[in-house]
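>>> how would this look folded up:
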Amino acid sequence: MEHRTQGGTAAPRMGRRSVLHAGMAAAAVACAGPLAHAQGAAAKLTISYPTRSGASWPLWLAKHAGLYEKHGFDAKLDFGVHPAGIAALVSGQAQMINYGLEQIIAAASRDPSLVMMGSSLNKGNFSLVAHSSVSKVEDLKGKRIGVGRLGDTLYVYTLALLKKYGMGPRDVQWVSTGTDASARANMLTGGQLDAALMVAPSYFRLEPMGYRTLDTLANHADIFVSTAYVFKKSWVKDNPDAPTRLIMAHAEAIKRFYDDKAFAVEAYRAFDPQPQATVERLYDTYAAKNILDRVPLLQKAAVESAVERVQTDNAAVKDVNVSQIVDMGPVRKLIADGYFRKLFGAGVAQEEERKLAASF
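Just a heads-up that it's a prediction; the model follows:
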């Protein structure tokens, strides 16, 4: 059941008694994980993620900092490239996945058993990278731009960025590179491409070779690159408080991220052993642009954008009832209980109000 605040835009104003009650409720929820752990064995579960990148940072931090254990879970993190993670979730081998909306919506068009219950990222750390001879995006007109294939999400992201500069799909030459980011980088350095959308930190190594970043998706709030915490509806029914505790573990991981750069870098390198300087630079990028969301409410515009992208290749997506695969009830309840304000401070209320107004 979804908890909606007054007008659907902000957490309700609470009197002293209500504040005390909400604080006690938040404290009770916060203690649920450790209490369950103290009374018995922690619940075992597997969480699958599809990419070794900053999108997986909250999971890595939660594991590295012992936050899963704090909330009563014996969690195993499993790296599974799409569609392996979705298959693991559907089969019951995994209990949660942290995936991009496009993949989830495409999967939901075939299997309505999935539900999204939180989102820790709505900005993409993709950058449009080109050789130094290309000084601005407009110079790419008529040039060769690499994408996985025509119509895929990388193509759609690139096209959305080009449109910001008055360019359309026929203004450039699209070159298929396959899904491997390394292949895209090799084709760029080999002279087969003039530009390509690359994710950090993979493009860092290209800069000393004379390649430059023309623009990044994170500079544009209306180009959504979103992930979601996804569960199977039947598992949520059998474990009704588990999604809330996992959302809390990841929120506390994001708090640790913004508070402790050294620990965040250490946690990243524990799962993806990139050079220290590389991860520190990646951290600075994420922190400066607030890429990890403190309030994990999935935005309607993000879902609508993902549906539009997926429809290009999958007409069945238009028949998906989005309201049946999105449940922000647990996040809204945590907002009403004052959990995020207690965790991040009163300043997070503005983010709560903004997201409540634009969420499900």
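
>>> per-domain residue ranges of this structure.
6-122+225-358, 126-219 (automatic domain parsing).

>>> Mind checking the pLDDT average for the last one?
Just to be clear, that refers to domain 126-219. Per-residue pLDDT over domain 126-219 has a mean of 90.

>>> Show the end-to-end separation of it, please.
By C-alpha to C-alpha, to the nearest Å, the extent of domain 126-219 from end to end equals 10 Å.

>>> Which strand residues bridge residue 197?
Residue 197 has these beta-bridge partners by DSSP bridges: residue 128.

>>> coming back round to it: check the domains of the chain for me: which has the lowest mean pLDDT.
Looking across those, the weakest by mean pLDDT turns out to be domain 6-122+225-358, at a mean of 86.

>>> For the domains of the chain, give me a markdown table that also has mean neighbour count.
To be clear about C-beta, it is placed using only N, CA and C from the backbone, and glycine gets the same treatment. A markdown table is the format used below for these (neighbours: other C-beta atoms under 10 Å):
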| stretch | mean neighbour count |
| --- | --- |
| domain 6-122+225-358 | 19 |
| domain 126-219 | 17 |
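
>>> Quick one: the helices in the stretch 151-300 of the chain, in order.
153-163, 181-189, 233-238, 242-259, 261-271, 276-288, 300-311 (DSSP state H, counting those that start in this stretch).

>>> Which of those sits closest to residue 222?
helix 300-311 (7.5 Å; C-beta to C-beta).

>>> and whichever helix or strand comes after the closest one, C-alpha only, in PDB?
Downstream of helix 300-311, the next assigned helix or strand under DSSP states H and E is helix 329-336. Taking C-alpha atoms only, helix 329-336 is exported to PDB below (Å, rounded to 0.1, in the frame of the first residue of the first chain):
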ATOM      1  CA  GLY A 329       5.500   2.400  -0.900                       C
ATOM      2  CA  PRO A 330       8.500   1.400   1.300                       C
ATOM      3  CA  VAL A 331      10.500   4.500   0.300                       C
ATOM      4  CA  ARG A 332       7.500   6.800   0.900                       C
ATOM      5  CA  LYS A 333       7.000   5.200   4.300                       C
ATOM      6  CA  LEU A 334      10.600   5.900   5.200                       C
ATOM      7  CA  ILE A 335      10.200   9.500   4.100                       C
ATOM      8  CA  ALA A 336       7.000   9.900   6.200                       C
END
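
>>> Tell me what angle helix 329-336 forms with helix 242-259.
In terms of direction (axes from the mean of the first three to the mean of the last three C-alpha atoms, to 10 degrees), helix 329-336 departs from helix 242-259 by 60 degrees.

>>> Just the endpoints, please. Distance across stretch 166-178?
Span of stretch 166-178 from end to end, C-alpha to C-alpha: 27 Å.

>>> End to end on stretch 323-342, go ahead and measure it.
For stretch 323-342, the end-to-end distance is 29 Å (C-alpha to C-alpha).

>>> Quick one: distance of it to the chain centre.
17 Å (C-alpha atoms, centre = their mean, to the nearest Å).

>>> now do stretch 238-247
Worked out by C-alpha atoms, centre = their mean, stretch 238-247 lies 19 Å from the chain centre.

>>> Tabulate the CA atom coordinates of that stretch in CSV.
What follows is stretch 238-247, C-alpha atoms only, in CSV (Å, rounded to 0.1, in the frame of the first residue of the first chain):
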residue,chain,number,x,y,z
ASP,A,238,7.0,-13.8,1.7
ASN,A,239,9.5,-11.3,3.0
PRO,A,240,7.5,-8.0,3.3
ASP,A,241,10.0,-6.1,5.4
ALA,A,242,13.1,-7.2,3.5
PRO,A,243,13.0,-4.6,0.7
THR,A,244,12.7,-1.8,3.3
ARG,A,245,15.8,-3.1,5.2
LEU,A,246,17.8,-3.4,1.9
ILE,A,247,16.8,0.2,0.9
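
>>> contacts for that stretch?
Contact partners of stretch 238-247, identified using C-beta atoms under 8 Å, 6 or more residues apart in numbering, comprise 29, 32-33, 43, 45, 68, 71-73, 95-96, 117-118, 229, 231, 235-236, 296, 330-331, 333-334.

>>> Could you rerun that using 10 Å?
Stretch 238-247 is contacted from outside by 29-30, 32-34, 36, 43, 45, 47, 59, 62, 67-68, 70-73, 75, 95-96, 115, 117-120, 229, 231-232, 235-236, 296, 327, 329-331, 333-334, 339, using C-beta atoms under 10 Å, 6 or more residues apart in numbering.

>>> Identify the residues contacting residue 67.
Residues near residue 67 by C-beta under 10 Å, 6+ apart: 33, 58-59, 61, 73, 75, 245-246, 248-253, 255-256.

>>> rewinding a little: using JSON lines, lay out the helices of the stretch 151-300 of the chain together with distance to residue 195.
As requested, the helices of the stretch 151-300 of the chain are exported to JSON lines (distance: least, C-beta to C-beta, whole Å):
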{"stretch": "helix 153-163", "distance to residue 195": "9"}
{"stretch": "helix 181-189", "distance to residue 195": "7"}
{"stretch": "helix 233-238", "distance to residue 195": "42"}
{"stretch": "helix 242-259", "distance to residue 195": "31"}
{"stretch": "helix 261-271", "distance to residue 195": "27"}
{"stretch": "helix 276-288", "distance to residue 195": "20"}
{"stretch": "helix 300-311", "distance to residue 195": "20"}
